[in-house]
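Visitor: Below are the sequence and a predicted model for it; my questions follow.
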Amino acid sequence: MLFIDNVAAMAKKYLASLDDFPVFPGKSALESLSRLDVPLQEEPVDAADVLFLLNEIGSPATVRSTGGRYFGFVIGGSLPASMGAKWLATVWDQNGGLTVTSPIASALESITGKWLLELFGLPKESGFGFVTGDTMANFTALAAARHALLLKAGWDVEAKGLFNSPEIDVIVGGEVHVSVLKALSMLGLGRERISRIPVDGQGRIIPAKVSVTDRPTIICTQAGNVNTGSFDDTGEICGMRGANTWVHVDAAFGLWALASRQKRNLVEGIGLADSWATDAHKWLNVPYDSGIVFVRDRPALYAAMSASAAAYLPDDASREPMHNVPEISREARGVPVWAALKSLGIKGLEAMIDRNCRQAEQFAAALTEAGFTVLNEVMLNQVLVQFGDAAHTQQVIRAIQEEGVCWCGGTVWQGKPAMRISVSGWRTTDEDVRRSIVSILRHANA
Ligand SMILES: *Cc1c(COP(=O)(O)O)cnc(C)c1O
């Protein structure tokens with residue numbers, strides 16, 4: 001058998017096990033990990049033996065988050081076409097940084113970026129980049145913002161750095177994701193010198209509390225709160241812009257609501273912003289790691305990310321991946337995103353988003369009917385539920401995780417400990433939801 005057939009057989013077996021439980025690996029699988037903790041040996045080991053060992057110890061110690069009953073964080077699974085495309089791209093081993101190192105990687109990035117701008121209804125002239133995740137998408141967009149605002153103030157930040165530069169005010173919502181704060185801190189914009197705007201009961205910025213001057217200002221809004229699934233009113237906030245305001249949207253999973261005719265109203269006005277960060281590895285169900293950034297001011301993106309500090313902006317046709325992202329050499333990141341979109345089509349994507357939202361409603365309805373408190377308005381794919389007091393809620397979460405029919409995590413929402421259910425996987429069937437509800441209620445009522 002060819003080496004690759006061996007790997008395929010292991011992958012096939014793993015995929016066939018996705019419906020089993022526990023969703024989170026058990027104690028013995030985790031204890032076996034210590035068998036890998038040995039000194040690196042002197043002699044080579046045959047590739048087949050390396051893979052055998054990896055599969056034997058590694059596969060049981062994975063979280064079955066790509067299966068149908070993982071509802072922790074906002075994770076998403078991995079669509080077959082996308083997983084296969086990523087696999088093939090790994091076999092190709094392309095350096096996706098430049099067209100000359102991989103024409104196919106470069107072409108698929110350009111095509112996929114155009115598809116997404118069209119799908120989301122974002123400005124056609126926007127630049128885009130394929131990065132590791134939403135955190136780097138936030139970083140890249142905010143670097144473009146920093147460039148554009150300081151250029152207007154007469155300062156070349158890429159050349160001169162931030163010492164003695166004009167200041168940039170930063171405004172975020174009280175529910176800003178740490179990812180944005182991390183990006184701000186890496187950019188020298190500081191995570192503590194920012195203004196936090198109060199939010200409402202669903203975590204949305206209260207627009208009346210935002211006040212903008214004509215000083216260089218970045219406002220970061222959020223589309224899709226990790227707890228409630230709520231959206232800041234980016235459209236209204238864009239209407240409050242001063243002469244030197246850049247509005248950035250952290251839309252890690254919320255941007256995909258634009259693919260749904262039922263949910264699109266939640267994201268209204270988002271296209272008025274200046275930049276958008278999202279993940280493909282969450283709701284598009286692309287394997288890790290995959291984030292995407294869009295920037296209306298393409299020259300600003302280029303200036304912030306270009307390695308060569310060239311004064312000219314290449315035309316669209318000669319787009320080079322590396323001049324739109326922090327990395328130079330990297331994987332052919334557009335390939336699995338292209339494959340996911342190609343396999344779903346516009347209708348399949350909408351159906352997946354709508355199905356997950358409907359399944360979240362099913363969870364909420366069953367939990368409410370059983371007498372438990374759902375803390376959020378279930379407007380998207382996120383459900384927050386409380387099982388009595390804090391101690392009991394924690395205890396129920398632990399019991400559900402230990403049984404392993406499904407996996408949900410704990411969170412704290414506006415001071416209240418809760419269990420969070422995030423429905424973001426293409427594989428989740430209504431039967432998965434039913435089985436999970438049975439498990440959750442069994443422990444909640446115990
Ligand atoms: C997941 C998430 C992030 C972080 O994204 P990564 O892909 O983990 O870097 C940031 N903001 C929001 C709203 C998220 O849901």
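Guide: Arrived safely, thanks for sending. Residues are numbered from 1 along each chain as shown.
Visitor: tell me how far the ends of stretch 272-287 are from each other?
Guide: 30 Å (C-alpha to C-alpha, to the nearest Å).
Visitor: what about it, distance to the chain center?
Guide: How far stretch 272-287 lies from its chain's middle: 6 Å, per C-alpha atoms, centre = their mean, to the nearest Å.
Visitor: Count the neighbours of Gly173 for me.
Guide: A total of 25 residues lie near Gly173 under the criterion other C-beta atoms under 10 Å. Backbone N, C-alpha and C define where each C-beta goes, glycine included.
Visitor: who does the nearest residue to it once chain neighbours are set aside bridge with?
Guide: Leaving aside its chain neighbours, Gly173 sits nearest to Ile205 (4.1 Å; criterion: C-beta to C-beta, 6 or more residues apart in numbering). Beta-bridge partners recorded for Ile205 (DSSP bridges): Val199.
Visitor: Next, work out how far apart Ile205 and the ligand are.
Guide: Ile205 sits 13 Å away from the ligand, taking C-beta to the nearest ligand atom, to the nearest Å as the criterion.
Visitor: Please name the residues that touch the residue nearest to Ala223 when sequence neighbours are not counted.
Guide: Once flanking residues are discounted, Ala223 sits nearest to Gly254: 3.3 Å by C-beta to C-beta, 6+ apart. Residues near Gly254 by C-beta atoms under 8 Å, 6 or more residues apart in numbering: 222-224, 229, 231, 266-267, 380.
Visitor: can you tell me how far Ala141 sits from Val199?
Guide: 22 Å (C-beta to C-beta, to the nearest Å).
Visitor: Comparing these two, which shows the higher neighbour count?
Guide: The residue with more neighbours, out of Ala141 and Val199, is Ala141; 32 against 21, by other C-beta under 10 Å.
Visitor: sec struct for that one, please.
Guide: helix (DSSP: H, G, I helix; E, B strand; the rest coil).
Visitor: residue contacts, the residue of the stretch 201-350 of the chain with the smallest separation from the ligand?
Guide: Across the stretch 201-350 of the chain, the shortest distance to the ligand (C-beta to the nearest ligand atom) belongs to Ala252, at 3.2 Å. By C-beta under 8 Å, 6+ apart, the residues touching Ala252 are 74, 134, 177, 179, 224, 226, 277-279, 282, 291.
Visitor: Likewise for Gly121?
Guide: Gly121 is in contact with 258, 271, counting by C-beta under 8 Å, 6+ apart.
Visitor: on that earlier part again, so what's the nearest residue to the residue of the stretch 201-350 of the chain closest to the ligand once chain neighbours are set aside up against?
Guide: Of all residues not flanking Ala252 in the chain, Asp134 sits nearest, at 4.0 Å (C-beta to C-beta, 6+ apart). When contacts are counted by C-beta under 8 Å, 6+ apart, Asp134 touches 179, 250, 252, 277-279, 282, 291.
Visitor: Also Ser436?
Guide: Here Ser436 is in contact with 69, 71, 363, 405-406 (C-beta under 8 Å, 6+ apart).
Visitor: Can you pull the residues of the chain lying near the ligand?
Guide: Proximity of the chain to the ligand (C-beta under 6 Å from any ligand atom) is limited to residues 74, 133-135, 177, 179, 222, 224, 226, 250, 252-253, 279, 291.
Visitor: hmm, back to that, so which of the contacts of Asp134 are in helices?
Guide: Counting by DSSP state H, those place Ser179 in helices.
Visitor: got the contacts of Asp134 as CSV, with pLDDT and distance to Arg355 columns?
Guide: Shown next, in CSV, are these (pLDDT from 0 to 100; distance: C-beta to C-beta, whole Å):
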residue, pLDDT, distance to Arg355
Ser179, 98, 27
Asp250, 98, 24
Ala252, 98, 20
Ala277, 99, 25
Thr278, 98, 20
Asp279, 98, 19
Lys282, 98, 15
Gly291, 98, 23
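Visitor: Cross the contacts of Asp134 against strands and list the overlap.
Guide: Residues of the contacts of Asp134 located in strands (DSSP state E): 250, 277-279, 291.
Visitor: By neighbours, which of those residues wins?
Guide: Busiest of the ones in strands among the contacts of Asp134 [other C-beta under 10 Å] is Ala277, holding 32 neighbours.
Visitor: quick one: the helix or strand hosting Thr221 to chain centroid distance?
Guide: In this structure, Thr221 sits in strand 217-222 according to DSSP states H and E. Computed by C-alpha atoms, centre = their mean, the separation of strand 217-222 from the middle of its chain amounts to 18 Å.
Visitor: before we move on, what about stretch 220-228?
Guide: Worked out by C-alpha atoms, centre = their mean, stretch 220-228 lies 12 Å from the chain centre.
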